[in-house]
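1. Need a 3D model of the following:
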Amino acid sequence: MHFDTNEKIATRVAFGEAIAKFGGRHKNVAVLDADLAGSLKTDKFSKLYPDRHFNFGIAEANMVNAAAGMALRGKVPFVCSFAVFVTGRPWEHIRNSICYPNLNVKIVGSHAGILTGEDGATHQALEDISIMRSIPNMKVICPADAVETYLAIEEIIKDFGPTYIRLGRAGVPVIYGKDHKFKIGFGDMLTFGEDIALIATGTMVSRCLEAAKMLEQQDGIRVMVVNISTIKPIDEKLIIDAASKTKMVVTAEDHNITGGLGSAVMEVLSEHHPKKVHRIGMDRFGESGKPVNLYKKFGLDTQGVYERVIGWWKNRSVD
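-> A predicted model of the protein is given here:
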């Protein structure tokens, strides 16, 4: 792993490097592609281990069912495609052929969220976290950067059971160093503050760190930034702790606010520490455009996060 904190690297790139390395160590790993080895960066694995790489073409349901068969024979198949297609088209097969019998299949969904950019609304998965975490036995992971993605792949190879990992197309800042430890089911408190708990996942973690700096420097507001990279099983203890130590809770995700991280956090707090939660995310389809422009338009960039959080903070007395 050679990712530098001064770089912007797409999590799909880190996945490609990780599956080539750790897939090489674990001879039972197989990679199944839907004609997207170049996009998901599994082409390196395919060149190194051609006997363990299978291209199914644009046939996600067939690919998922084949993965179930491989898992029954002791393999660890990674089913790879764009997030909108690998979770949407074969959902019934994921539910009935993988999760119902609790098979050891790993589903990799890349190009998630509006960060996908110019591919447009049809290719921007904004519902994938919601539909995957609703299935019993399925784990859901959304790494914050390249380092976390790389480490997560090694962990999910070792871990047993159906797992969905969500990746992005465009580069995002590397926020973790080489000493970072990733463990399924645990989040990470990145900064401490007693005013606002800003709980984020995936590409929004780096934006929230930047917004937290603005809030402290410009407004004297201290923000606790929490990275929830495992959305299921979620780190309930960390979420409750963050909510109990701050005056306001905000979630941020490049995903629909219904069923994603925001909903998951609300579920935890409604049961264990009732508190109002403000959600930053999408509540409509995306559109075609450069990722930086889409993030600005929909308020998911640093300035957008800052403006929404400061607005809620100033009006919190009427909540």
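
2. Tell me the spacing between the closest residue to residue 247 other than its chain neighbours and residue 276.
-> Leaving aside its chain neighbours, residue 247 sits nearest to residue 195 (5.7 Å; criterion: Cβ to Cβ, 6 or more residues apart in numbering). (Each C-beta comes from the backbone N, C-alpha and C, glycine too.) Here the criterion is Cβ to Cβ, to the nearest Å. By it, residue 195 lies 15 Å from residue 276.

3. Looking at those two now, which is surrounded by more residues?
-> When residue 195 is set against residue 276 and neighbours are counted by other Cβ atoms under 10 Å, the residue ahead is residue 195, at 19 against 13.

4. And for residue 295, the neighbour number?
-> Neighbouring residues of residue 295 were enumerated by other Cβ under 10 Å; the total is 25.

5. Residue 131 now?
-> A count of nearby residues for residue 131, using other Cβ under 10 Å, gives 18.

6. which ones are touching it?
-> Contacts of residue 131 were listed using Cβ atoms under 8 Å, 6 or more residues apart in numbering, and they are 87, 88, 91, 259.

7. Three-state assignment for the spatially closest residue to the last one that is not a sequence neighbour, please.
-> Read that as residue 259. With sequence-adjacent residues excluded and distances taken as Cβ to Cβ, 6+ apart, residue 259 is closest to residue 130, at 2.7 Å. Assigned by DSSP: H, G, I helix; E, B strand; the rest coil, the conformation of residue 130 is helix.

8. How much space separates residue 130 from residue 97?
-> Noted for residue 130: a distance of 20 Å to residue 97, by Cβ to Cβ.

9. what do you get for residue 177?
-> Here the criterion is Cβ to Cβ. By it, residue 177 lies 40 Å from residue 97.

10. what's the answer for residue 10, then?
-> Distance from residue 10 to residue 97, by Cβ to Cβ: 30 Å.

11. from the chain's centre, how far out does the strand ranked longest in the chain sit?
-> With DSSP state E setting the assignment, residue counts place strand 248-256 as the longest strand in the chain. Here strand 248-256 shows a centroid-to-chain-centroid distance of 13 Å under the convention Cα atoms, centre = their mean, to the nearest Å.

12. Who does that strand pair with, and is each partner parallel or antiparallel?
-> strand 196-200 (parallel), strand 277-282 (parallel) (DSSP bridges).

13. Buried residues of it, list them for me.
-> Of the residues in strand 248-256, those scored as buried under the neighbour-count criterion (16 or more other Cβ atoms under 10 Å) are 248, 249, 250, 251, 252, 253, 254, 255, 256.

14. so who does the third one touch?
-> Neighbouring residues of residue 250 by Cβ under 8 Å, 6+ apart: 196, 197, 198, 199, 277, 278, 279, 280, 308, 309, 312.

15. go on, residue 61?
-> Residue 61 touches 89, 90, 92, 93, counting by Cβ under 8 Å, 6+ apart.

16. Is it correct that the first one is in contact with residue 58?
-> No. Applying Cβ atoms under 8 Å as the test, residue 89 and residue 58 come out as separate, 9.2 Å apart.

17. Appreciated, that's everything.
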